[in-house]
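Participant: I would like the atomic coordinates for the input below:
(2 chains)
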2 protein chains.
Amino acid sequence: MSTSSSSSSSTLNIGIIGFGPFAQFLAKTMIKQGHALRATSRTDYSQLSAQMSVQFFRDRGEFLEADNDVILICTSILSLSKVVKSMPLDHLKRPTLVADVLSVKEHPRDVLLQALPEDSDILCTHPMFGPESGKNGWKGLTFMYEKVRIRDEATCSNFLQIFASEGCRMLQMSCEEHDKLAAKSQFLTHTIGRTLGERDIKSTPINTKGFETLLQLKENTMRDSFDLFSGLFVYNRFAKQELEQLEHALHNVKEKLVQRMVEEQGLEKTE
Amino acid sequence: MSTSSSSSSSTLNIGIIGFGPFAQFLAKTMIKQGHALRATSRTDYSQLSAQMSVQFFRDRGEFLEADNDVILICTSILSLSKVVKSMPLDHLKRPTLVADVLSVKEHPRDVLLQALPEDSDILCTHPMFGPESGKNGWKGLTFMYEKVRIRDEATCSNFLQIFASEGCRMLQMSCEEHDKLAAKSQFLTHTIGRTLGERDIKSTPINTKGFETLLQLKENTMRDSFDLFSGLFVYNRFAKQELEQLEHALHNVKEKLVQRMVEEQGLEKTE
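Facilitator: Down below sits the predicted model:
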């Protein structure tokens, strides 16, 4: 066994599929840690990649042949299935760890289990942060993962160490449990942010502190794409019920208010 | 003219009607500034009042006869009309400034204009803060007011000085404009907090930052009474439309998600 492969600080060859803003955000820290990065993407990021010292492949076959220890999938939720199906996976020369960072987890788990060669390892992850919340480092931020199919524990551990060594709170959790909880938290939050966006709420001269947090939430949510939001809904089987229950809750609140209004109007008449 | 009445730092005799937590919160700063406070309330606060050096009157007639420069109404929104109607206003011995601090403004304006003797001045105000947001002082916090009927400018100015001297942002605004804007901000915020309370949202191991602000919003909203929330609705004529538009916005968001789901399912079939 070589020193490099047994050390927890081994440098890895990491190939990223989908090199958008979130992938670039993760890549910066990986490069800082000394890992060798490559990327491929539907968009041509060759110039940006060169600036970051990331090797960019326009040819997906060549990308897969480039001796990656880890292939990290950073596509959008909506495009995952199409992108994975379009990869010439027979170009993979050896068993490889394939990881994803999507904000839903059962869907990539199922797609990867179905599409990847049997000898590929699968690690499903969700870093619960992004360019905004992680701009001052990742310390204390949550990194969720499930070891869906891991034989090469050393490579998996080296990859997880990228996040652990930055101080992330490492949280092992099943993809199913993640999606249940994410529907009740992240998806709900985006839904409220989008609803406030739909209402086009604006700052007033008499903002309360609470209203100011909602204005901020709206801004943050609307900065994310509608593709992300709809991905959280379409590919999380628990989201639909949460949305219906949210509608129901708002309706109940309204009913209580209307009932109180009727009572008050009754009181006024008898006063 | 005596020095005390011409000075902007004159001490006032302030009689408070409704001595609940918000009134007590305001009273502390008024006492600190050297004003003489009296109070009456449906609940017997005589013990607490004694501790605070506030003279408590169980008899409303005696309270009104107690030579108040200012009568400050701190009742709940829902009880305002009943409380004002139950006051033996013929006990008022001289022209008095009557001010209120309710979170809706057209309603107290109308009630006071209707109930008070013609020689009473009326100042409608809304301090946009409370025991929580104002616990470290009032500097920079907004104090909204409308001079509804002011002849005795000196007393009115002395009363406003209570808030100005603490560093409040003094905002003159009509009651109508206040209620329009408050429906779009404070009422909307409470409605979302109550809806999240109805859903009973809870912290998860994978909270995003955005979800944590919603958890906090829910906690803060549910700490306020349902009486306050329903007051913001029943006695603000602009609130009903806001509530309907919020329901409509959530419905629109849902429609967009469902449409995207249908499109995605169509794409999957043709892939």
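Participant: mind checking which helix or strand A:Leu214 is in?
Facilitator: Applying DSSP states H and E as the criterion places A:Leu214 in helix A:209-223.
Participant: Next, work out how far apart A:His126 and A:Met144 are.
Facilitator: 4 Å (Cβ to Cβ, to the nearest Å). Where you see a C-beta, it was placed from the backbone N, CA and C, and this is true even at glycine.
Participant: Residues that sit against both of the two, list them.
Facilitator: A:Lys105, A:His178, B:Ile206 (Cβ atoms under 8 Å, 6 or more residues apart in numbering or on different chains).
Participant: so the last one sits in a strand?
Facilitator: No. Looking at B:Ile206 with DSSP: H, G, I helix; E, B strand; the rest coil, it is coil, so not inside a strand.
Participant: how many neighbours does it have?
Facilitator: 20 (other Cβ atoms under 10 Å in any protein chain shown).
Participant: check contacts around it.
Facilitator: Counted by Cβ under 8 Å, 6+ apart, B:Ile206 has contacts A:His126, A:Met128, A:Thr142, A:Met144, A:Leu171, A:Met173, A:His178, A:Leu181, A:Ala182, A:Ser185, A:Gln186.
Participant: isn't A:Leu48 right next to A:Gln24, touching?
Facilitator: Yes. Counting by Cβ atoms under 8 Å, A:Gln24 is a contact partner of A:Leu48 at 7.3 Å.
Participant: who's more crowded, those two?
Facilitator: Applying other Cβ under 10 Å to A:Leu48 and A:Gln24 shows that A:Gln24 carries more neighbours, namely 18 against 15.
Participant: show me the biggest helix of chain A in terms of residues.
Facilitator: helix A:239-270 (DSSP state H).
Participant: is that helix anywhere near chain B?
Facilitator: Yes. Judged by Cβ under 8 Å from any Cβ of the partner chain, helix A:239-270 comes into contact with chain B through A:243, A:245-247, A:249-254, A:256-257, A:260-261, A:264, A:267-268.
Participant: so what does that helix touch, helix or strand wise?
Facilitator: Helices and strands touching helix A:239-270, by 3 or more Cβ pairs under 8 Å, 6 or more residues apart in numbering or on different chains; DSSP states H and E, are helix A:188-198, helix A:226-234, helix B:188-198, helix B:226-234, helix B:239-270.
Participant: Double-check that A:Leu123 belongs to a strand.
Facilitator: Yes. Under three-state DSSP, A:Leu123 falls within a strand.
Participant: can you pull the contacts of it?
Facilitator: A:Leu123 neighbours (Cβ under 8 Å, 6+ apart): A:Leu97, A:Val98, A:Ala99, A:Asp100, A:Tyr145, A:Glu146, A:Lys147, A:Val148, A:Ile150, A:Cys156, A:Phe159, A:Leu160.
Participant: Same check on A:Cys156?
Facilitator: A:Leu97, A:Asp121, A:Leu123, A:Lys147, A:Ile150.
Participant: How much space separates the closest residue to chain B within the stretch 51-200 of chain A from B:Ala249?
Facilitator: The stretch 51-200 of chain A approaches chain B most closely through A:Glu198 (3.8 Å), counting by Cβ to the nearest Cβ. Using Cβ to Cβ, one gets 4 Å for the distance from A:Glu198 to B:Ala249.
Participant: again, but for A:Asn236
Facilitator: For A:Asn236 relative to B:Ala249 (Cβ to Cβ), the value is 22 Å.
Participant: just to revisit the earlier point, outside of the helix holding A:Leu214 itself, list whatever touches it.
Facilitator: A:132, A:189-190, A:192-194, A:196-197, A:201-204, A:207, A:229, B:129, B:133, B:185-186, B:188-190, B:192-193, B:210, B:213-214, B:216-217, B:220-221.
Participant: In CSV, list the C-alpha atoms belonging to the strand or helix carrying A:Val111.
Facilitator: Secondary structure from DSSP H and E places A:Val111 in helix A:106-115. What follows is helix A:106-115, C-alpha atoms only, in CSV (Å, rounded to 0.1, in the frame of the first residue of the first chain):
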residue,chain,number,x,y,z
GLU,A,106,-33.6,9.3,-3.6
HIS,A,107,-33.7,10.4,-7.2
PRO,A,108,-29.9,10.4,-7.8
ARG,A,109,-29.5,7.2,-5.8
ASP,A,110,-32.0,5.5,-8.1
VAL,A,111,-30.6,6.9,-11.3
LEU,A,112,-27.0,6.0,-10.4
LEU,A,113,-27.9,2.5,-9.2
GLN,A,114,-29.6,1.9,-12.5
ALA,A,115,-27.1,3.5,-14.8
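Participant: can you tell if that helix touches chain B?
Facilitator: No. Contact of helix A:106-115 with chain B is not found when judged by Cβ under 8 Å from any Cβ; the minimum separation is 11.0 Å.
Participant: Buried residues in that helix, which are they?
Facilitator: A:Glu106, A:His107, A:Pro108, A:Arg109, A:Val111, A:Leu112 (16 or more other Cβ atoms under 10 Å in any protein chain shown).
Participant: With adjacent residues omitted, what lies nearest to the second one?
Facilitator: By the measure of Cβ to Cβ, 6 or more residues apart in numbering or on different chains, the closest residue to A:His107 outside its immediate chain neighbours is A:Tyr235, 4.0 Å from it.
Participant: what sits against that neighbour?
Facilitator: A:Ile77, A:Leu78, A:Val104, A:Glu106, A:His107.
Participant: and the two most separated of these?
Facilitator: A:Leu78 and A:Glu106 (15.1 Å; Cβ to Cβ).
Participant: Can you give the domain ranges for chain A?
Facilitator: Using automatic domain parsing, the domain parsing of chain A gives A:13-173, A:178-270.
Participant: who's in contact with stretch A:162-176?
Facilitator: A:9, A:29-30, A:33, A:35, A:105-106, A:109, A:124, A:127, A:137-148, A:160, B:205-206.
Participant: Now that we have those residues, which of them are buried?
Facilitator: Looks like those have A:29-30, A:35, A:105-106, A:109, A:124, A:127, A:138, A:141-146, A:148, A:160, B:206 buried, using 16+ other Cβ under 10 Å.
Participant: May I have the residues that are in contact with A:Leu228?
Facilitator: Contacts of A:Leu228 by Cβ under 8 Å, 6+ apart are A:Ser76, A:Ile77, A:Ser103, A:His190.
Participant: which non-adjacent residue is nearest the first one?
Facilitator: The spatially closest residue to A:Ser76, leaving aside those adjacent along the chain, is A:Asp227, at 5.3 Å (Cβ to Cβ, 6+ apart).
Participant: The one you found - how many residues pack around it?
Facilitator: 13.
Participant: what's the distance between it and A:Thr75?
Facilitator: In terms of Cβ to Cβ, A:Asp227 sits 11 Å off from A:Thr75.
Participant: Might you specify the subset of the contacts of B:Ile206 located within helices?
Facilitator: Using DSSP H, the contacts of B:Ile206 in helices are A:His178, A:Leu181, A:Ala182.
Participant: Highest neighbour count among the residues you listed?
Facilitator: Going by other Cβ under 10 Å, A:His178 tops these with 29 neighbours.
Participant: still on that earlier bit, quickly, which of the helices and strands packed on helix A:239-270 bottoms out on average pLDDT?
Facilitator: Ranked by mean pLDDT, those end with helix B:239-270 in last place, scoring a mean of 93.
Participant: That helix to helix A:226-234, inter-axis angle?
Facilitator: 80 degrees (axes from the mean of the first three to the mean of the last three Cα atoms, to 10 degrees).
Participant: The stretch 1-150 of chain A against chain B: which residues are in contact?
Facilitator: A:Leu78, A:Ser81, A:Lys82, A:Lys85, A:His126, A:Met128, A:Phe129, A:Ser133, A:Thr142, A:Met144.
Participant: Go again with 10 Å.
Facilitator: Applying Cβ under 10 Å from any Cβ of the partner chain, one finds that the stretch 1-150 of chain A approaches chain B through A:77-78, A:81-82, A:85-86, A:103, A:126, A:128-130, A:132-134, A:141-144.
Participant: which ones are touching A:Glu153?
Facilitator: A:Asp121, A:Lys147 (Cβ atoms under 10 Å, 6 or more residues apart in numbering or on different chains).
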